[in-house]
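Peer 1: Sequence first, then the predicted structure:
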Amino acid sequence: MRESLRRLHDEGVEVEVLAPSWKGLASHAIDGIAVHRFRYAPAPLEILTHDEGAPSKMANRPWMQLLAAPYILSGFLLCLWRCWRFRPDVIHAHWPFPHGLIALAGKWIFRIPVVLNFHGAELLLIRKHPWVATVLRFLLRRADCVLANSSFTAQKVKLVYPCSVELSPYGTTLSSAEPVPGKAAAPFIALFVGRHIERKGLIHLIAAAALLDPLRFQIRIVGHGDLTNSLVGEVARLNLANVVFTGKLSKAALEQEYRSAHCFVLPAIVDSKGDTEGLGVVLIEAAELNLPLVASQVGGIGDVVVDGVSGLLVPEKNPQALAAAFQKLADDPEFALQLVHGAHKHIEQYFSWNTIVAKQLALYVRLRLGR
């Protein structure tokens, strides 16, 4: 999202961001864009956002639901204030529940068009709280435009309310690069980057590592999360020497991981709460850095990974299929390179920032003109 806003700003769009505070974080500027933070609780309790996201946090810690009402009210009032001062042409509300309710301040009082942008997490709440669907239907009927980050998310939105949904994915946040000469042939490195949470399916990736020759294959896991300790414990229990946890990395160190790896893997699953990948932007980043992709056939991943064309799709929760995909790429470098070229073409057509930003600009102009 930050990259999207930066590029819109560079195109001459005057942008302001309304966002919740995090542990008392004050308003500030990022990339020359004003970020107005609304306070909704004492600083130690402002923890609904960041890390795993509000829906997962509230599912795991129900007491956090008490923060929802002050969150929405505080955001609504600040939205009203900024609309009066800033007078925007369009309000672009990401994660419509609850931010669509906040955006109504500008629509109701100042007649500002509202774009609702779904990323999938808000739809997860319907499983546990069916009344959320009623709120989303209320918002969808009043939206001037509805966007979704993938075809999977768009289908979920239409199940809530039959409406027109335009696709608006994200592009990469890393710079494109040529393959690094002299990349070591062995071990074959499969790289994962992301949060260590249930829907990423890392337990199945570790199980796949146990099926591979440790002298030929290495699994490198970047990031951290609620499951990090248990995953490290599982690796120790299985006595796997070919699984490496790097922890969180700087951008430079992360790019080096991409350049040293032979493929990128996202072993995502539909987790116990019904959540899964809305799109998988990290797959786009990996493909632009010339890594063949291996991913589970769940959620919006199929928008990025077309099996046998821009990567390899495997069934979820299937360590044997993951291990077989790594073996295939290691044994057939020409096929791996073919997948990289296929991914470049696919991403250029559907996920380039130039295309994404041009579509957003056209949408804003259309709404401003009332078309």
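Peer 2: Okay, I see it.

Peer 1: Leaving out sequence neighbours, find the closest residue to G311.
Peer 2: Excluding its sequence neighbours, the residue lying closest to G311 (CB to CB, 6 or more residues apart in numbering) is L293, at 3.1 Å. Just so you know, the C-beta spots here come from the backbone N, C-alpha and C atoms, and that holds for glycine as well.

Peer 1: and that neighbour, backbone torsions?
Peer 2: Main-chain torsions, L293, degrees, to the nearest 10: phi -110, psi 140.

Peer 1: Can you give the domain ranges for the protein?
Peer 2: Domain segmentation of the chain under automatic domain parsing yields 2-171+352-368, 188-350.

Peer 1: quick revisit: could you pull up the residues touching the residue nearest to G311?
Peer 2: Counting by CB atoms under 8 Å, 6 or more residues apart in numbering, L293 touches 263-266, 283, 286-287, 304-305, 310-312, 339, 343.

Peer 1: Likewise for L363?
Peer 2: Here L363 is in contact with V115, C145, E166 (CB under 8 Å, 6+ apart).

Peer 1: ok, now L313?
Peer 2: With CB under 8 Å, 6+ apart, L313 has these contacts: A295, S296, Q297, I301, G302, V305, D307.

Peer 1: any chance of those residues in CSV, with distance to V90, secondary structure and neighbour count too?
Peer 2: Converted to CSV, the contacts of L313 look like this (distance: CB to CB, whole Å; DSSP: H, G, I helix; E, B strand; the rest coil; neighbours: other CB atoms under 10 Å):
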residue, distance to V90, secondary structure, neighbour count
A295, 34, strand, 29
S296, 36, strand, 28
Q297, 36, coil, 16
I301, 30, helix, 24
G302, 30, helix, 19
V305, 32, coil, 25
D307, 37, strand, 13
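
Peer 1: thought A143 was touching L104?
Peer 2: No: under the criterion of CB atoms under 8 Å, A143 makes no contact with L104, lying 10.1 Å away.

Peer 1: which secondary structure element contains R195?
Peer 2: Here R195 sits in a region with no helix or strand, counting by DSSP states H and E.

Peer 1: Could you report the distance from the nearest residue to it once chain neighbours are set aside to I91?
Peer 2: Using CB to CB, 6+ apart and skipping residues adjacent in sequence, the residue nearest R195 is G225, 4.3 Å away. Distance, G225 to I91, by CB to CB, to the nearest Å: 32 Å.

Peer 1: more crowded one of the two?
Peer 2: More crowded of G225 and I91, by other CB atoms under 10 Å: I91, with 25 against 16.

Peer 1: For that one, give me phi and psi.
Peer 2: According to degrees, to the nearest 10, I91 has phi -110, psi 120.

Peer 1: Same question for the one 10 residues further on.
Peer 2: Recorded main-chain torsions at L101 are phi -70, psi -40, according to degrees, to the nearest 10.

Peer 1: And the pLDDT at it?
Peer 2: Listed pLDDT for L101 reads 96.

Peer 1: residues touching the nearest residue to it once chain neighbours are set aside, list them.
Peer 2: Spatially, and ignoring its direct neighbours in sequence, L101 is nearest to I72 (5.4 Å; CB to CB, 6+ apart). For I72, the contacting residues are P98, L101, I102, by CB under 8 Å, 6+ apart.

Peer 1: Could you do M64 as well?
Peer 2: I47, L48, A54, K57, M58.

Peer 1: go again using 7 Å as the cut-off
Peer 2: Residues near M64 by CB atoms under 7 Å, 6 or more residues apart in numbering: L48, K57, M58.

Peer 1: same check, this time on V15
Peer 2: L5, L8, H9, I33.

Peer 1: And V340, by the same measure?
Peer 2: Per CB under 7 Å, 6+ apart, neighbours of V340: N290, P292.

Peer 1: so which helix or strand takes in it?
Peer 2: Going by DSSP H and E, V340 is in helix 333-350.

Peer 1: now that helix, how far from the centre of its chain.
Peer 2: Centroid separation for helix 333-350 versus its chain: 21 Å, with CA atoms, centre = their mean, to the nearest Å.

Peer 1: ok, now stretch 210-217?
Peer 2: Counting by CA atoms, centre = their mean, stretch 210-217 comes out at 30 Å from the chain centroid.
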